[in-house]
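Visitor: Turn this into a structure:
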Amino acid sequence: MKKVLIFHGFQGKPNGGWRPWLMRELDKKDVYACALPMPTPDRSQKDEWIKTIREAVGIPTEEIFLVGHSLGVPAILRYLETLDKNEKIGGAVLVSGPSTILNGENKESKLRKIDNFLDTPFNFDYIKQKSNNFTVIHGDNDKKVPFKHAEIISKNLSCNLATIPKGGHLGGSDKFYELPQLLESLQKMF
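Guide: Sure, this is the predicted structure:
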């Protein structure tokens, strides 16, 4: 059975934004979907988040699909870096995620709390071996995570980049309670 695991971002909640809608839509298609609460969302620690993803996934298979929003994106990428050589998942949809530390782009002091996810470059060559299906979705006017981050991730993963005009950070604060492009991306991966 296909399983979609959804991970929120910094200071996020599993039931925020488009996550409840996505779970309802996947349920209609008989796909198991679950949005997980990440530990200490206000003091996010990379190792804790990777452990949470690892426990939720269990044994990685190509029936498992991961969806991350904002900090959930680097958390998924870091998790994929930890998989053994022969382990793979079905795919990942990466929404509004940063690719590097947000130096000078967004100087909010609270964002310094996510630097431990981004302080070393991603091993994109290895990550690409962990799935044949990646999609990046990003608002073209995201003030929290500038659009160039989406371009960097999609280029390095050699995957599709879906641009959402005036999408902002694609969260509840931007009034995104549905994200059809995300559902379509998952359906293509299935």
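
Visitor: Centroid-nearest residue for this protein?
Guide: Most central in the chain under Cα atoms, centre = their mean is Gly68, positioned 2.0 Å from the mean C-alpha point.

Visitor: these two touch, right, that residue and Gly97?
Guide: Yes - with contact defined as Cβ atoms under 8 Å, Gly68 and Gly97 form a contacting pair (6.2 Å). Glycine gets a C-beta too; all of them are placed from N, C-alpha and C.

Visitor: just to revisit the earlier point, please name the bridge partners of the residue nearest to the centre of the chain.
Guide: Phe7, Leu94 (DSSP bridges).

Visitor: buried ones in the least confident helix or strand in the chain by mean pLDDT?
Guide: Across the helices and strands of the chain, mean pLDDT, DSSP states H and E gives its lowest value to helix 115-118, namely a mean of 89. Residues of helix 115-118 classed as buried: 116-118 (neighbour count, 16 or more other Cβ atoms under 10 Å).

Visitor: Which helix or strand lies directly C-terminal to it?
Guide: Under the assignment DSSP states H and E, the closest C-terminal helix or strand after helix 115-118 is helix 124-128.

Visitor: mind listing the helices in the chain by residue range?
Guide: 19-28, 46-57, 72-81, 115-118, 124-128, 147-157, 180-189 (DSSP state H).

Visitor: circling back: what distance separates the least confident helix or strand of the chain from the centre of its chain?
Guide: 15 Å (Cα atoms, centre = their mean, to the nearest Å).

Visitor: just to revisit the earlier point, what is the nearest of the buried residues of helix 115-118 to Ser158?
Guide: Nearest to Ser158 among these: Leu118, at 20.8 Å, using Cβ to Cβ.

Visitor: wait, the closest one sits on Pro98?
Guide: Yes - counting by Cβ under 8 Å, Leu118 does reach Pro98; the two are 6.1 Å apart.

Visitor: who touches Asn156 in this structure?
Guide: 99, 122, 124 (Cβ atoms under 8 Å, 6 or more residues apart in numbering).

Visitor: Can you select the buried ones among those for me in PyMOL?
Guide: In PyMOL, a selection of the buried entries from the contacts of Asn156 looks like this (16+ other Cβ under 10 Å):
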select buried, resi 99+122+124
